[in-house]
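J.: Sharing a sequence plus its predicted fold:
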Amino acid sequence: MSEAPPKKAWKTGKIKDARGRSVTQLDPVMMHLAHQHQAIPAEALRRIAQNVGIGMTRANRLALWLGIFCFTCFIIAMVILLVKLDNGTIGPGKLVARLLPYCGIGVAPYTFWMGTRRVRFGRIKKVMLGHLRCPHCGYDIRGLPVDPDDGATVCPECGCGWKLEPPEPQEEVTAGRGE
């Protein structure tokens, strides 16, 4: 086998395979940018990275800026609250009632960040399966048999099962026919 297993540094996050196992996922964009072609040949890695996209999508940018805004509001609210506490205007009983709404604002950036990561991981998984590469190890799963029990194609390198989309039918090219 000419392909070496990828380094742990090129793993990006957790996804579930077709059998429900939680596995780490390769980040083909980072591998392409760092010219790391141990698991996936250079040309295939370039095509996968182009399809995934190096930049952020509009929804991810919006979520990131919304998270930054919410976090900034949270910091400002905490500063105001601490100033009021120093003046003795808030007792300990009212402190919990005033902090509760701000806790939601403090959690919002984390929620948006995790949501954008989940969307990106799903996109990477879909693109890699579209290129017939195992999202976990990068092995070429083209032409492998489908397990009759669950309909998943099992990667012989790492043992992960993936449900592959059936290939789209090719249109016949009728060149040179005169009508």
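T.: Cool, got the structure.
J.: C-alpha only now, for contacts and for neighbours.
T.: OK.
J.: Output the contacting helices and strands for the helix or strand in which residue 31 is found.
T.: According to DSSP states H and E, residue 31 maps onto helix 28-33. Helices and strands touching helix 28-33, as assessed by 3 or more C-alpha pairs under 8 Å, 6 or more residues apart in numbering; DSSP states H and E, comprise helix 42-52.
J.: What's the mean pLDDT across the helix holding residue 31?
T.: In this model, helix 28-33 carries a mean pLDDT of 80.
J.: Any buried residues in that helix, and which?
T.: Within helix 28-33, the residues that qualify as buried by neighbour count (16 or more other C-alpha atoms under 10 Å) are 28-32.
J.: what do you get for stretch 145-164?
T.: Counting neighbours by 16+ other C-alpha under 10 Å, stretch 145-164 gives 152-155, 160-164 as buried.
J.: Any chance of a markdown table for these, columns distance to residue 14?
T.: Rendered in a markdown table, the data for the buried residues of stretch 145-164 read as follows (distance: C-alpha to C-alpha, whole Å):
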| residue | distance to residue 14 |
| --- | --- |
| 152 | 19 |
| 153 | 19 |
| 154 | 18 |
| 155 | 17 |
| 160 | 13 |
| 161 | 15 |
| 162 | 15 |
| 163 | 17 |
| 164 | 19 |
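J.: from the residues you listed, which has minimum pLDDT?
T.: When it comes to pLDDT, residue 164 is the least confident member of these, at 83.
J.: Quick check: that residue touching residue 152?
T.: Yes. A contact is recorded between residue 164 and residue 152 when judged using C-alpha atoms under 8 Å, the distance being 7.3 Å.
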